[in-house]
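Engineer: okay, sequence plus prediction incoming.
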Amino acid sequence: MDTQQDRTSAPSSADRYRALFESMDEGFCIIEFFDGPHGPLSDYIHVEANPAYERNAGIPNVVGQKVREMVPDEADGWVELYGSVLRTGNPIRFQRELVATGRNLEVSSFRIGPASDRQVAVLFKDVTDRLRAEAAQRALHEQLEARVAAALAEREEAETALRQIQKMEAVGQLSGGLAHDFNNLLAGISGAFEMIATRIAQGRSGEIDKYLSAGQGATRRAAALTHRLLAFSRRQTLSPKAVVVNRLLPDFAELVHRTVGPAIEVETVAATGLWLALVDTNQLENALLNLCINARDAMPDGGKITVETGNRWLDPRAARDHALEPGQYVSICVSDTGTGIDKAIIERVFDPFFTTKPIGRVRASASRWSMASRGRALACPHLFGPGQGTMVCIYLPRHRGKEDAETDIEILPVTELGHAEAVLVVDDEPSVRLLVADALSEHGYACIEAHDGPAGLRILQSNAKISLLITDVGLPGGLNGRQVADAARDLRPDLPVLFITGYAENAVLNHGHIQPGMEVLTKPFAIDDLIRRVGLLARTRAV
């Protein structure tokens, strides 16, 4: 049993409380409210505080000090916080700066006894160093994020430069073949003109029809080549149309035959009942041609390229596998019997700048692709092994409207447009102005010509009655064709505009987006096409 001496020597609860009170790291105090000059319970006095109070708050000897004497500029805020604890009995936790000492305190407070005792306990610790460390860490993170952003921007700039280098190298590769084709076409055109001149001089004009036909055919093929080159450089205005892709296959197959050479067999498989697709035909042809060139490069010893169309309905799972939205698509797949791609690199084939081919034999296209090998295009991307060929598919969303048809347009003569109205033709090339004006005059249009943008604008600002503006896009004199058209619309809001251009500058034409009542015709163009477009715009204005 415990002896009386043992009980006497054991520490009392008060002693234990005092030892804890004196040794704890957190600051602790008991405050007591009283009625001050600022009203009831408007001040409090520190009735008890431990030694850690000074270490955490930075204020010594607080017992007996009133808050309005200790920190007069901050007293209202502290009285309000602890006063709410006294009135409600609800404990609070908060973080606040003690401005007088520059310490940031993390505080918890609770009422002692009933409200009538007017006492509140406060337990707190100095977290200034922690907050400074957190602020320094945030600053470091912000610096790192800024550095990462700068590095990414630098990488993007480098990648853009590399893409441009690759494109220029590809253009260099392409230009050799184009030069050969253009020389052949120019020979046909110039030879046709020479033979026409010769036959006219000989009085044998009845024989010139075949030379006219040959020259016109060569001109059309040259125009097609320039359109493909513009599509390759992506400077051509996108002109999506609702088309059945099957109808493009014969001409495309002929182009591929000429491109890949006689060692490669080219086959087209057109699906029955193919849906409509809304697509820019030049861009689609360019993308498919790039795929066929890649396929040719994968078959150095010859082989077979197959271009196949089909209707595809992608359910959510299949769409997810192809990174597409679920729905109906028109697929155009290009497969070859070439070297294929190894499984180890199949997942990297669409990484930026990744290629298995030498520089100059890489083509790119901004389409949505799906890849498979020796299987269906809807299969998950994989390869059964090298030497088994490759299939790449382009998926075009189904278009549910009607097919765009080139219908005949009735040509409205100038008399039906209004008395003494004319077509304003703005082009810096005299031969183009001559041909356009002469062709339109044959159909009853009166024409006014201008050689640059300012000259055209002066005519528009005059009292001349203009029924239609035909303008080149790239014009000298400080005003391009788009600026002339915008000024014309300000002066004459309903004026139709036909842009004719050797290449459709996307930046000038708002990246291919033009207003209603405006059309774009790319040079070189057929006179019949010019007349058809003019008639369409004239009819729009007449209505």
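Structural biologist: Here it is on my side, so go on. Residues are numbered from 1 along each chain as shown.
Engineer: any stretches of the stretch 401-543 of the chain with poor pLDDT?
Structural biologist: Within the stretch 401-543 of the chain, the ranges that satisfy pLDDT under 70 run 403-421, 503-513, 540-543.
Engineer: apply 90 and report the result again.
Structural biologist: For the stretch 401-543 of the chain, residues meeting the criterion pLDDT under 90 lie at 401-422, 427-446, 451-453, 462-467, 472-483, 492-494, 499-543.
Engineer: not counting sequence-adjacent ones, nearest residue to G477?
Structural biologist: Nearest residue to G477, sequence neighbours excluded (CB to CB, 6 or more residues apart in numbering): D452, at 3.5 Å. Using the backbone N, CA and C atoms, a C-beta is placed for each residue, glycine as well.
Engineer: so who does that neighbour touch?
Structural biologist: Contact analysis of D452 by CB atoms under 8 Å, 6 or more residues apart in numbering lists 426, 428, 475-477, 479.
Engineer: neighbours of the spatially closest residue to V520 that is not a sequence neighbour, how many?
Structural biologist: Closest residue in space to V520, ignoring its immediate chain neighbours: F499 at 4.7 Å, by CB to CB, 6+ apart. Applying other CB atoms under 10 Å, we find 24 residues neighbouring F499.
Engineer: and for L131?
Structural biologist: L131, neighbours per other CB under 10 Å, totals 14.
Engineer: give me the helices and strands touching the host helix or strand of it, please.
Structural biologist: For L131, the element it lies in under DSSP states H and E is helix 128-201. Judged by 3 or more CB pairs under 8 Å, 6 or more residues apart in numbering; DSSP states H and E, helix 128-201 is in contact with strand 103-112, helix 209-233.
Engineer: and of the ones you listed, who's closest to E54?
Structural biologist: With CB to CB as the measure, strand 103-112 is the member of the helices and strands packed on helix 128-201 nearest E54 (10.9 Å).
Engineer: next, the angle helix 128-201 makes with the closest one.
Structural biologist: With axes from the mean of the first three to the mean of the last three CA atoms, to 10 degrees as the basis, strand 103-112 and helix 128-201 are set at 120 degrees to each other.
Engineer: what does the domain assignment say about this protein?
Structural biologist: Following automatic domain parsing, one gets these domains for the chain: 14-126, 148-230, 239-397, 414-542.
Engineer: could you dump the ones you listed into JSON lines with distance to H141 added?
Structural biologist: What follows is the domains of the chain, written out as JSON lines (distance: least, CB to CB, whole Å):
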{"stretch": "domain 14-126", "distance to H141": "20"}
{"stretch": "domain 148-230", "distance to H141": "10"}
{"stretch": "domain 239-397", "distance to H141": "28"}
{"stretch": "domain 414-542", "distance to H141": "38"}
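Engineer: can you flag the weakest of those domains by average pLDDT?
Structural biologist: Lowest mean pLDDT of those: domain 239-397, a mean of 71.
Engineer: next one: stretch 17-33 to chain centre, how far?
Structural biologist: Centroid separation for stretch 17-33 versus its chain: 63 Å, with CA atoms, centre = their mean, to the nearest Å.
Engineer: now do the end-to-end distance for that stretch.
Structural biologist: Distance between the boundary residues of stretch 17-33 (CA to CA, to the nearest Å) amounts to 24 Å.
Engineer: over to stretch 323-330?
Structural biologist: Per CA to CA, stretch 323-330 runs 16 Å from first to last residue.
Engineer: same thing with stretch 92-110?
Structural biologist: End-to-end distance of stretch 92-110 (CA to CA): 7 Å.
Engineer: re the thing from before, now the helices and strands packed on helix 128-201 as TSV including mean neighbour count and distance to V269?
Structural biologist: TSV is the format used below for these (neighbours: other CB atoms under 10 Å; distance: least, CB to CB, whole Å):
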stretch	mean neighbour count	distance to V269
strand 103-112	18	75
helix 209-233	16	23
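Engineer: V85: which of the ones you listed is closest?
Structural biologist: Of these, nearest to V85 by CB to CB is strand 103-112, at 5.1 Å.
Engineer: elements contacting that closest one?
Structural biologist: Using 3+ CB pairs under 8 Å, 6+ apart, strand 103-112 sits against helix 52-57, helix 75-88, strand 92-98, strand 119-126, helix 128-201.
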